[in-house]
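Participant: need a 3D model of the following:
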Amino acid sequence: MSSPTANTEEPVAQALELFNLTLPLNSTTLHQRYQELLVTWHPHRYANLTNNPTKYMQMYKKAEAMTKDVQAAYKLLKEYLEHHGHAPS
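Facilitator: Numbering: from 1, shown residues only. Modelled structure (predicted):
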């Protein structure tokens, strides 16, 4: 039977991987990386990369999905830091 901590650590580890962060983690570093990822994956950033509407929509949808993933991972890591005061070990 798995412990509640194990259930928490896996999503946190995945979020850290998405953000390409390692331990130790602090809120300043987390927020900086969050801002960088939002700029990188902002869907409108792909508007001028191609004149092909189909390819543009594919890239737009991928960026939209990544933005949602980044936002969810940020929320998870921020909550983890608030509750534990440090990154998981």
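Participant: worst-scoring helix or strand of the chain, pLDDT-wise?
Facilitator: helix 4-19 (a mean of 79; mean pLDDT, DSSP states H and E).
Participant: report the spatially nearest residue to the residue most central in space within the chain, omitting neighbours in sequence.
Facilitator: Nearest to the mean C-alpha position of the chain, counting by Cα atoms, centre = their mean, stands residue 70 at 2.7 Å. Take residue 70 and drop its neighbours on the chain: the residue closest to it by Cβ to Cβ, 6 or more residues apart in numbering is residue 37, 4.6 Å away. Where you see a C-beta, it was placed from the backbone N, CA and C, and this is true even at glycine.
Participant: next structured bit after the host helix or strand of that neighbour?
Facilitator: Assignment of secondary structure by DSSP states H and E places residue 37 within helix 27-41. Under the assignment DSSP H and E, the closest C-terminal helix or strand after helix 27-41 is helix 53-84.
Participant: low-confidence ranges in the chain?
Facilitator: 1-8, 23, 85-89 (pLDDT under 70).
Participant: how does it look with 50?
Facilitator: Low-confidence segments of the chain, defined by pLDDT under 50, are located at 1-6, 87-89.
Participant: what's the burial count for residue 30?
Facilitator: 21 (other Cβ atoms under 10 Å).
Participant: surely it and residue 76 touch.
Facilitator: No: using Cβ atoms under 8 Å, residue 30 is not in contact with residue 76; the gap is 10.6 Å.
Participant: on that earlier part again, neighbours around the residue nearest to residue 70, how many?
Facilitator: Residue 37 has 20 neighbours, counted by other Cβ under 10 Å.
Participant: which residues are in contact with it?
Facilitator: Residue 37 sits next to 18, 19, 66, 70 when contact means Cβ atoms under 8 Å, 6 or more residues apart in numbering.
Participant: quickly note the distance from the closest residue to residue 45 other than its chain neighbours to residue 69.
Facilitator: In this structure, residue 45 finds its nearest non-sequential neighbour in residue 63, 6.8 Å apart by Cβ to Cβ, 6+ apart. Counting by Cβ to Cβ, to the nearest Å, the separation of residue 63 from residue 69 is 11 Å.
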